[in-house]
Structures are given as C-alpha cells and as structure tokens.
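In: Quick check, what structure comes out for this input:
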Amino acid sequence: MKMRPKKLPTFLLMTNSPVIRSFFETITDKLEDHALIAVNSEIEALDYLDKSYISLIILDDKTPYVDLIPLCEKIRSLKEYYHTPIIIITGHLKKTFTRNLLKAGATDFLTEPLEEDEFLLRMEMASEIMETQQKITTLSSRLSTNTSLEGTSLQKRAIMDDRATKMVETALSEKSTLSVLLMEIDQYQKFQKARGENAAHALLLDFEDHLQKLMRIQDLLFNQKQGKFAIFLPKTSEKGSQLIAENIQEYLETETFSAGTIRFNLTTSIGVATLQNSGDPTKNATVNLERLLSAATLCLNEAKKKGNTVVSQSQMRGKS
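Out: Next comes the predicted model:
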C-alpha cells in the first residue's frame, strides 16, 4: 500500500482487482505529486477517510461484500467529504443503477477497460468543480442574514460567467463539443406567488440539491434566479445532451421536494443548445457564451409552451 504525506492530493481506491489496482498505481507514479491509498473493504475505506487527506474517491462496484449506495451516503454524511468527487468503476450503466448511485452521492462513472486519458480528464474536471463548489459555499457563509436574495444570485452569476466562459474557451480551442441545458421549474411562478419569496428560495435550494446529485464530474450546474438552472455539458453532443435532459426529467418526476414543511412534486421544461450549432469560432468566448445561452433560451421558451418537455435546436429547425 502506498502512503505519502497528507498534504499531497491523494486517491482512495477501493477494489480487490489486481488489474484495477495496477492501473491506478501506474497513473499515480506518472503524476508524481499524487498519492494512492488502495483498500479492499468498506471498513478500511472509512478508516482512511477519517485519518487521511483524500481528494478523490474511487470505488469498484465488484468489491465483495460492499453495498455502494449506503457507502456513498456514509461518505456524503462526513462534512469534510461533502464535495469530494466519488467515481464508481462499473460495467452496469442502466438508468436505475446510475440514478440510485447519483442520488446516494456518486458523481461519475468509469467503465472497464479503464483508459488513462479518460480518467485524467475526469480527475482534472473534478478538481475544477470542487473549487467552484467551495467558492459558492464560501460566498454563502459570508452572507449576512440581511443579504437580499438578489445579491446572492448576482454573486453566483459572477462565478457562472467566469467558469462558463472558460469552458467555452476550452471547447473553441480544442474544437470539442459543448452543450448547455437551460431548465425551468414549471410550477415556480405559481409557487412563488402562493407561498412567498422565502418558501420559493427554500424550494430552489432543495431542487439544486437534487440536481447536483445527477451531475457528472465534468458538468457545471448553476442556480439562476426565478426557478431557472443552467447545466453545461463539456464533450457532449446534442443527442447525448438530449438523453441526459430526458433522464433528468424522468428522475425529477419521481422525487418529492420540500420547502419547510411543504411537500410536493415538480416538473421541468428544458432547452438544449450546442456550441457547434450556435457558436461562431471567429468570435471570442464571451460572445459565444451569450450566443449559446440565447439559443438555449429559445429552445426553453418552446419547451415551456407544452411544459415538462425537452426541446433541442434540431427540433426547432425541424419546425421552421
């Protein structure tokens, strides 16, 4: 078992597979400034989480005598690991399997045979997303009880503009795919009028918690005002993004949301746009971000006409 000083970024790997263990040992050796702790049981994993600095958790679903759902829930209940990425190694990507694990706290999945480039990309995105989540948490903790909801949304919008612009810039330079889902809670306006601003704010926080559980490591989720959310999906085609949107809708329809003591169900309308369909490579990232969001807004407005619907740019073109 490899042990390095606590200050180093450290992977915690739970597996009893020599092949998987060797794969991550090789990667860790190449990275040089990272450490690896390999265990083969839930008890060992939780023990090292308690006494070591862990920056990324990797769980093999074939590890004997381990139920990943309660294990993920236990990890998320630990305050210091609330945002730490949890990657599941699995050969089962059925909707019910992934949905239950995402709900329990998993953030992404790796399928065998494992590929080094894919893991390194997800590791990099995990680091960036943790940084963003920590920024939002820090901002929230600094707000006084008298701070307005509008002020909060402005600070989150500043973070969104910065992170989203960088994501667009990367997609343009790499000529890679980038999609955005613009989502709106169908019942939000009525709920806000009937229950008031405080209850509506509580609803958005609960809704965001549900959405966050569905995000992959590389995705970025931003809570906008008035019941809207933006989800950026790097290296994801329009077809793939539409499938993700439909899966999100399917999951949300089965969930019960809360605002204080109030319990209810919600539906969403989602617009899907891609940088490839709406961008202009001759323009800068800021301009392309605005074009991408404008295209997603048009699709969202079309989806809202029916409610609980996903509309993509291809579908919009088919109607014209």
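
In: Point me to the residue sitting closest to the centre of this protein.
Out: By Cα atoms, centre = their mean, the mean C-alpha position of the chain lies nearest to residue 215, the distance being 2.6 Å.

In: three-state assignment of that residue?
Out: Put simply, residue 215 is coil when judged by DSSP: H, G, I helix; E, B strand; the rest coil.

In: Look up how far residue 63 lies from it.
Out: Taking Cβ to Cβ, to the nearest Å as the measure, residue 215 falls 24 Å from residue 63. The C-beta positions use only the backbone N, C-alpha and C, and glycine is treated the same way.

In: State the pLDDT value of the residue nearest to the centre of the chain.
Out: pLDDT for residue 215: 86.

In: Which parts of the stretch 51-200 of the chain are strands?
Out: Assigned by DSSP state E, counting those that start in this stretch, the stretch 51-200 of the chain shows strands spanning 56-60, 86-89, 108-110, 178-185.

In: now residue 91: how far from residue 62?
Out: Distance, residue 91 to residue 62, by Cβ to Cβ: 8 Å.

In: Quick check on the two: which one has the bigger neighbour count.
Out: Using other Cβ atoms under 10 Å, the more surrounded residue of residue 91 and residue 62 is residue 62, with 15 against 9.

In: Sketch out the low-pLDDT regions of the stretch 201-320 of the chain for me.
Out: 259-261, 319-320 (pLDDT under 70).

In: The closest residue in space to the residue nearest to the centre of the chain that isn't next to it in sequence: how many residues sit nearby?
Out: Spatially, and ignoring its direct neighbours in sequence, residue 215 is nearest to residue 221 (5.3 Å; Cβ to Cβ, 6 or more residues apart in numbering). By the criterion of other Cβ under 10 Å, residue 221 has 19 neighbours.

In: Of the strands of the stretch 51-200 of the chain, which is nearest residue 256?
Out: Shortest separation from residue 256 across the strands of the stretch 51-200 of the chain is recorded for strand 178-185, at 14.2 Å, computed as Cβ to Cβ.

In: show me what contacts residue 118?
Out: Residue 118 makes contacts with residue 110, as judged by Cβ atoms under 8 Å, 6 or more residues apart in numbering.

In: same thing but 10 Å
Out: 110, 111 (Cβ atoms under 10 Å, 6 or more residues apart in numbering).

In: swap in residue 280?
Out: Going by Cβ under 10 Å, 6+ apart, residue 280 touches 172, 287, 288, 291.

In: Looks to me like it is in a strand.
Out: No - going by three-state DSSP, the assignment for residue 280 is coil, not a strand.

In: And it, how close does it get to residue 236?
Out: For residue 280, the distance to residue 236 - Cβ to Cβ - is 20 Å.

In: How about residue 68?
Out: Counting by Cβ to Cβ, the gap from residue 68 to residue 236 is 25 Å.

In: likewise residue 103?
Out: Distance, residue 103 to residue 236, using Cβ to Cβ: 21 Å.

In: If you count surrounding residues, which of the two has more?
Out: Higher neighbour count among residue 103 and residue 236: residue 236, with 23 against 16, using other Cβ under 10 Å.

In: mind checking the SS state of that one?
Out: coil.

In: now swap in residue 232 and tell me
Out: Secondary structure, three-state DSSP: residue 232 is strand.

In: Pop out the phi and psi values for the closest residue to it other than its chain neighbours.
Out: Sequence neighbours aside, residue 220 is the residue nearest to residue 232 in space, at 4.3 Å (criterion: Cβ to Cβ, 6+ apart). With angles defined as degrees, to the nearest 10, residue 220 sits at phi -120, psi 130.

In: Tell me, how many residues neighbour the nearest residue to residue 74 once chain neighbours are set aside?
Out: Among residues not flanking residue 74 along the chain, residue 46 sits closest, at 6.7 Å (Cβ to Cβ, 6+ apart). Other residues near residue 46 come to 16 when the count uses other Cβ under 10 Å.

In: do you know how far residue 46 is from residue 77?
Out: From residue 46 across to residue 77, the span is 11 Å (Cβ to Cβ).

In: Just the pLDDT for residue 171.
Out: Looking at residue 171, its pLDDT reads 93.

In: tell me the contacts of it?
Out: Shown in contact with residue 171 (Cβ under 10 Å, 6+ apart): 177-179, 232, 234-235, 274-276, 279, 285, 288, 292.

In: Can you flag the buried ones in these?
Out: Buried subset of the contacts of residue 171 (neighbour count, 16 or more other Cβ atoms under 10 Å): 177, 178, 179, 232, 234, 274, 275, 276, 279, 285, 288, 292.

In: Now render those as CSV, adding distance to residue 108.
Out: Conversion of the buried ones among the contacts of residue 171 to CSV gives the following (distance: Cβ to Cβ, whole Å):
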residue, distance to residue 108
177, 18
178, 18
179, 17
232, 15
234, 13
274, 21
275, 22
276, 23
279, 26
285, 25
288, 26
292, 23
